[in-house]
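Chemist: Give me the fold of what follows.
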Amino acid sequence: MNIQQQRTVQIEASKEELCRRTKTWAAKSEFILESESDNESVFTRGSHWHAIYTFDVRKMPTRVSIRISGQSPP
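Modeler: You can find the predicted model right below:
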């Protein structure tokens, strides 16, 4: 099963503040930083092996991509 959701959110904060917020959120939610570029951060958690025998959504394979646009406000 592959589910994809997309949202656009406007936040009035600097790029550094947004990066700090996303890393804090990821740590609290047990996500691991997979890759990071100037405008995008990708976080993952869970595995396909756990998905077979668990009902815990934190163990399901999950990937979150956060893109920061260059528009003002970001």
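
Chemist: Check the average confidence over the strand or helix carrying Leu33, would you?
Modeler: Assigned by DSSP states H and E, Leu33 belongs to strand 32-36. Strand 32-36 comes out with an average pLDDT of 94.

Chemist: What is that strand packed up against?
Modeler: Packing contacts for strand 32-36, counted by 3 or more C-beta pairs under 8 Å, 6 or more residues apart in numbering; DSSP states H and E, involve helix 15-28, strand 40-45. C-betas here are computed from N, CA, C, even on glycine.

Chemist: Please work out which of the ones you listed is packed deepest.
Modeler: strand 40-45 (a mean of 17; mean count of other C-beta atoms under 10 Å).

Chemist: For that one, which strands pair with it and how are they oriented?
Modeler: Within its sheet, and counting by DSSP bridges, strand 40-45 is paired with strand 32-36 (antiparallel), strand 62-67 (antiparallel).

Chemist: Tell me which of these lies nearest to Gly46.
Modeler: Smallest distance to Gly46 across the strands paired with strand 40-45 (C-beta to C-beta): 5.3 Å, for strand 62-67.

Chemist: between the strands paired with strand 40-45, which one is nearest to Gln4?
Modeler: Here strand 62-67 is closest among the strands paired with strand 40-45 (C-beta to C-beta), at 9.6 Å.

Chemist: ok, and for the closest one, which residues are buried?
Modeler: By neighbour count with 16 or more other C-beta atoms under 10 Å, strand 62-67 contains the buried residues Thr62, Val64, Ile66.

Chemist: contacting residues for the first one?
Modeler: With C-beta atoms under 8 Å, 6 or more residues apart in numbering as the criterion, the residues that contact Thr62 are Phe31, Thr44, Arg45, Gly46.

Chemist: Quick check: beta-bridge partners of it?
Modeler: Going by DSSP bridges, Thr62 is paired in beta bridges with Arg45.

Chemist: cool, and the last one?
Modeler: Here Ile66 sits in beta bridges with Ser41, as judged by DSSP bridges.

Chemist: I'd like the numbering to begin with 732 instead of 1 from here.
Modeler: Got it, first residue is 732 now, which makes that one Ile797.

Chemist: How about the contacts made by it?
Modeler: Thr753, Glu771, Ser772, Val773, Phe774.
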